[in-house]
Structure formats: structure tokens, C-alpha cells
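1. Here's my sequence, what's the structure:
(one chain, ligands or ions: 1)
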Amino acid sequence: MKVLHVSAECYPAAKAGGLGDVAGALPKYLNQAGIDTAVIMPKYRQKWILQQPWEHVYSGMVRMAGVQVPFYIHRNIGEDLGFELLSVDVPGLFDREGIYVDAQTSYGYADEIERYLVFQQAVLQFVQQLPGFVDVLHCHDHHTGLIPFMVKHCPEYRNLAHIPTVFTIHNGMYHGAFSWSKAYLLPWYDANTSGLLEWGNTINPLACGIKCCWQLTTVSPGYLMELLQSANGLEWLIRNEMGKATGIINGIDTDVWNPESDPLISFRMNEDINEFKRANKYILMQRFNVRQDLPLITFIGRLVNEKGADLIPDAIAKFLYDGGRASFVVLGTGDPALKNTFLKMKDQFVSFFDTSIEYNEALSHQLYAGSDYLMMPSRVEPCGLNQLYAFRYGTIPIVRTTGGLADTVIDVSSGNGTGLRFDDFSMDALVGGFKRAALLYERKELLWELREKIIHLDYSWAKSAQKYVDIYNKITLKN
Ligand code: GLC
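-> Numbers count the residues shown, from 1 in each chain. All right, here's what the predicted structure looks like:
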């Protein structure tokens, strides 16, 4: 069986967040489970992509608003990723450094709609050239949400209608919705089916993917339940489609995230976990101006409200002014106002707070290795991978009870806990998390025991990949 994953991100080619990690790891584990899996993504002007050798495999044109837009499909013949990686080169639309936002201005691209419309159709045209090449099309998030519709209801692609589609929601906040006044950009479709494109008087690719896919998945069981209550307006739709929906918790790539062999960290793990933490923390102190004798609480991720990044500045201020004792480091980029706030905090809380405003994969590994705690005060967290990386590196997660965080982190108060949890989305609740972290840091026996336990938790992809295999088997049998 051949499965083609269609994704806007795929690590190590291009990653903005967890979608990239999943698209770069799940295919490898599916191959290991006997499913022939490939990934197709846009060809951005990014470092890894530019360094790799690519082989040209197909050229085509997408008609959009009366104009023919040329595209080229390339196959990676460089680094062996454990799966076949294809890219869609669309000159003028994707040959940019940023994935979703302009790297200079931090604003989203104005031609987002055109970009994904061309990408999705380029993928389908390519698949059409290779009859029998694909048994399942697995689409991820709104950028690829129109594919399940196009194969069924656009005459140009209808010869692919027999191919089962899986649609995975990694993030239900973003719908990719656009006005009906832009409908002229779409390929021809059967007018009777326009209701499938629509949600709330707009063309809504996320809703469309949910309606038209053969099987729907979310990246944790808890998140699927939450979407029934709160899905940015799609609650009713999710309720209607529950019959074909499954929540599957993400795994992590244990080759990339392996403290015993990670090339991005200075001190690798051997028998002594506490020595591993101590040595890596010491290295971090050469870069960040914070006190080493205090527990180090870190945030790694996009500086956006969804991740609760807006709670962090005041929570840190309150904790420190209340006499709390901890060091804090923030690594990430995102909202311009938040970036400024964090930069100002460096001067206000000298030797207690430091930050690096950037996306930096290598530094993130070093922070997992050297931090004592990782905070994730997310408003919503469909799965969350950072808490799983933290476990692997002996870093205790401090998380809000939501989505995949609730599915993966058990509070220490229960006796068999794996981290610290708080329920309310509020500054005080986060401060409460910091206070408990500082207390636990003083109780060294408990701290060491917990580190020892979380390092051995198994969140590898092997188990979860099998759940996708079961879905593929089910839908291909229906053919
Ligand atoms: C999105 C979600 C995150 C999830 C990731 C991978 O980034 O916000 O929670 O882990 O996708 O599925």
C-alpha cells in the first residue's frame, strides 16, 4: 500500500511547529510498519531544501483565474529520511524563505489562498500521471483541506475520486477561510456541491476537509472531545462527523530526540541523569544570563496567545516580586508585541530572566537538556510535542490541563505523576505552577525520582503509527 502525505511542513525540510515534526516522523515509522509512505510539500527557499540535491520528476500547469501557473515536482535524492520526500516548486508563490509569514515583517502572505490552491492541484495533477501510485491521500490541516473535495467534485480531478482520503487536524484554530468573492480562483466544480465548501458564509478549507474526507483524525483523543465543545465555530460539524473521527496521540521521533546520541547537545546522557542535567545546564549559563543555582524554567515555542505566551510575562513578574526563586528562559518568535515585552524583561529581571527571540532547533535541544522545567501554559494544545521531548531529556513539564497535555501529563499529586498541572487559564494558576516547581526543586529525592521516571516513558511513534495503519487498512478495503 502506498500512502502520500500532503503537508505544508515537513522536518527537516521546513518546520514552523509540531506539524513539521509529525510530517517528518510519522512517515518514517509507517514505512517501518510496512506501509510505503511518501511526503509531498511546497518547495520553500529554506536552507535544508537549498542544500539538498533534487531530481526533477514532473512539470505541469495549474489554471487559476484564466492564467496558467507552471509548477515542477522534485524528488529528494540527498539525505535518507526514511521516506520519499517530494516537493512542489511554484516559482513566484513558494520560493520564499518564510513558510506562512514573511520572515522580515512577521506578517502572513497576502496570496495565501492562491498558494495553497496551486499546491493542492499540483499534487493532484502529479498523482494523476502515475496511476496506481497512491492508495491513500493523507492530508494535514487546512492547507490541504480542499483535496478531499477536489477529487470528488472537480471534473479535472474526478478520476482520483476512488482514492480514500484521511484528513488530520493538527490545529483547529486556523481554517484558511476566504470570501466567496474569491471563488473564481477555484478549479471548476459541480455547483450542486458548493455547500461542501462552505461554512459561515465563507469558503472554509478546514470545514471542507472535515466534511469530504473518508476518515478524520485529530492528534489526541482529548482534543477530539474538546473540539465538540470549542472548535472556533465548527462544533456542530465535528459532532456530525464523529462517526468517522478518531483521536490518535502523536509520537516523537526517538532517533532525533535521543539524549544518548543527540549531536546538538554538548553532554550526552549516560547512567547519571542528574549529571547530564547539571552539565547541560552549566553550558546554557554561558549563553543565558540567569542564575544557575535556581531551578531553570523554560518556554520553547511560538510566541502566540494559543500557546499562552501572553500569560508568561506577568506571571514571571508576579512570581519574582512575591519572592519566588527561579530562573526563566524563553526561546521563540511570533507576536511582535510579545517579542518586545520579553526583550524588555531581560533588563528588568537581570540574572533571573533571559530570552532568545528566534526559531532555533539546535538551541531548543540544548534547552530541553539543560532545563529543570518546561512550561506549557497553552490555551489550546491539540497534542503538544514539547512535553514529550521534555520527558525524554528529564525535564519536568508544567502544563495547563488541556487537549494532548491532559492526555500525556499526570500531576505528581496523584502518586504516579509525570509533571505539574494546573487547570485554569490564568496568570495566578501559572504562578502556582512556578511555586510548586520551586518547592519540588528543594526536595531533591523526589525531583531525582521524577526525572528517572519520565526519561523512561515511551512516547515513540511505533504505537500510534499502528493506529494509522489500522485506518488505512479499513478504508482501502472499502474500495
Ligand atoms: C500543532 C498543534 C500541536 C500538535 C502539532 C502536531 O502544532 O498546535 O499541539 O502537537 O500540531 O500535531
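2. Which residue ranges of the stretch 51-200 of the chain form helices?
-> With helices called from DSSP state H, counting those that start in this stretch, the stretch 51-200 of the chain shows them at 112-129, 147-153, 194-197.
3. Enumerate the residues of the chain near the ligand.
-> Among all residues of the chain, those adjacent to the ligand (criterion: CB under 6 Å from any ligand atom) are 17-19, 22, 170-171, 219, 250, 381-385, 404. Using the backbone N, CA and C atoms, a C-beta is placed for each residue, glycine as well.
4. May I see these arranged in TSV, with neighbour count and secondary structure as well?
-> Putting these into TSV (neighbours: other CB atoms under 10 Å; DSSP: H, G, I helix; E, B strand; the rest coil) gives the following:
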residue	neighbour count	secondary structure
17	19	coil
18	23	helix
19	25	helix
22	27	helix
170	24	coil
171	22	coil
219	28	coil
250	23	coil
381	31	coil
382	28	coil
383	27	coil
384	30	coil
385	24	coil
404	29	helix
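5. Looking at those, which is nearest residue 179?
-> Within the residues of the chain next to the ligand, proximity to residue 179 (CB to CB) peaks at residue 171, which comes in at 21.8 Å.
6. Tell me which residue in the stretch 151-300 of the chain sits closest to the ligand.
-> Among residues of the stretch 151-300 of the chain, the one nearest the ligand by CB to the nearest ligand atom turns out to be residue 170. It sits 3.3 Å away.
7. actually the chain, not the one I typed
-> Of the chain, the residue with the smallest distance to the ligand, taken as CB to the nearest ligand atom, is residue 18 at 2.5 Å.
8. Without its sequence neighbours, what residue ends up closest to that residue?
-> Beyond its immediate neighbours in the sequence, the residue positioned closest to residue 18 (CB to CB, 6 or more residues apart in numbering) is residue 385, lying 4.8 Å away.
9. per-residue confidence at the one you found?
-> According to the prediction, residue 385 has pLDDT 96.
10. low pLDDT regions in this structure?
-> Where the chain drops to pLDDT under 70, the residues are 478-479.
11. most distant residue from the middle of it?
-> Among the C-alpha atoms of the chain, the one farthest from their average position, using CA atoms, centre = their mean, is that of residue 323, at 35.8 Å.
12. how near is that residue to residue 430?
-> 17 Å (CB to CB, to the nearest Å).
13. Repeat that for residue 209.
-> Using CB to CB, which is the criterion applied here, residue 209 is 34 Å from residue 430.
14. and what of residue 89?
-> Distance from residue 89 to residue 430, counting by CB to CB: 44 Å.
15. These two: who's more crowded?
-> Counted by other CB atoms under 10 Å, residue 89 and residue 430 do not tie: residue 430 has more neighbours, with 24 against 20.
16. name the element the more buried one belongs to?
-> Secondary structure assignment for residue 430, by DSSP states H and E: helix 427-442.
17. May I see the buried residues of that helix?
-> If you call a residue buried by 16 or more other CB atoms under 10 Å, then helix 427-442 has these buried ones: 427, 429-438, 440-441.
18. Need the residues that contact the helix or strand following that helix.
-> Tracing the chain C-terminally past helix 427-442 and defining elements by DSSP H and E, one meets helix 444-455 next. Under the criterion CB atoms under 8 Å, 6 or more residues apart in numbering, residues 259, 269, 273-274, 277, 372, 390-394, 396, 412, 417-419, 440-441 lie in contact with helix 444-455.
19. cutoff 7 Å now
-> Helix 444-455 is contacted from outside by 273-274, 391-392, 394, 396, 412, 418, 440-441, using CB atoms under 7 Å, 6 or more residues apart in numbering.
20. re earlier: may I ask you to confirm that the residue farthest from the centre of the chain belongs to a helix?
-> No - in this structure, residue 323 is coil, not part of a helix, as judged by DSSP: H, G, I helix; E, B strand; the rest coil.
21. Kindly provide the distance from it to residue 447.
-> When distances are taken as CB to CB, residue 323 and residue 447 turn out to be 21 Å apart.
22. cool, residue 256 as well?
-> Here the distance between residue 256 and residue 447 works out to 27 Å (CB to CB).
23. Give me the distance from stretch 173-190 to the chain's centre.
-> Here the centre of stretch 173-190 is set off from its chain's centre by 24 Å, with CA atoms, centre = their mean, to the nearest Å.
24. Start and end of that stretch, how far apart?
-> Using CA to CA, to the nearest Å, one end of stretch 173-190 lies 28 Å from the other.
25. Show me which residues of that stretch are buried.
-> Neighbour count says stretch 173-190 has 173-178, 186-187, 189 buried, by 16+ other CB under 10 Å.
26. And for stretch 104-117?
-> Those buried within stretch 104-117 under the rule 16+ other CB under 10 Å are 109, 113-117.
27. Among the residues you listed, which one sits closest to residue 4?
-> Top of the list for closeness to residue 4, among those and by CB to CB, is residue 116 at 16.6 Å.
28. excluding its backbone neighbours, what's nearest the closest one?
-> In space, not counting the residues next to it along the chain, residue 116 is nearest to residue 143; the distance is 4.9 Å by CB to CB, 6+ apart.
29. Can you get me a residue count around that neighbour?
-> 27.
30. ok, the closest residue to residue 370 other than its chain neighbours - how many residues close by?
-> Here the nearest residue to residue 370 in space, its sequence neighbours aside, is residue 280; by CB to CB, 6+ apart that works out to 3.6 Å. Close neighbours of residue 280, defined as other CB under 10 Å, add up to 25.
31. I'd like the distance between residue 280 and residue 257.
-> The gap separating residue 280 from residue 257 is 14 Å, by CB to CB.
32. quick one, what contacts the closest residue to residue 69 other than its chain neighbours?
-> Closest residue to residue 69 apart from its sequence neighbours, by CB to CB, 6+ apart: residue 62 at 4.8 Å. Counting by CB under 7 Å, 6+ apart, residue 62 makes contact with 69, 71, 118, 121-122.
33. ok, now residue 257?
-> Each residue near residue 257 by CB under 7 Å, 6+ apart is listed here: 389, 392.
34. got it, and residue 268?
-> Going by CB under 7 Å, 6+ apart, residue 268 touches 259-262.
35. quick one: it and residue 252, what's the gap?
-> Using CB to CB, one gets 18 Å for the distance from residue 268 to residue 252.
36. So residue 341 is in contact with residue 312, correct?
-> No - with contact defined as CB atoms under 7 Å, residue 341 does not count as touching residue 312 (8.9 Å).
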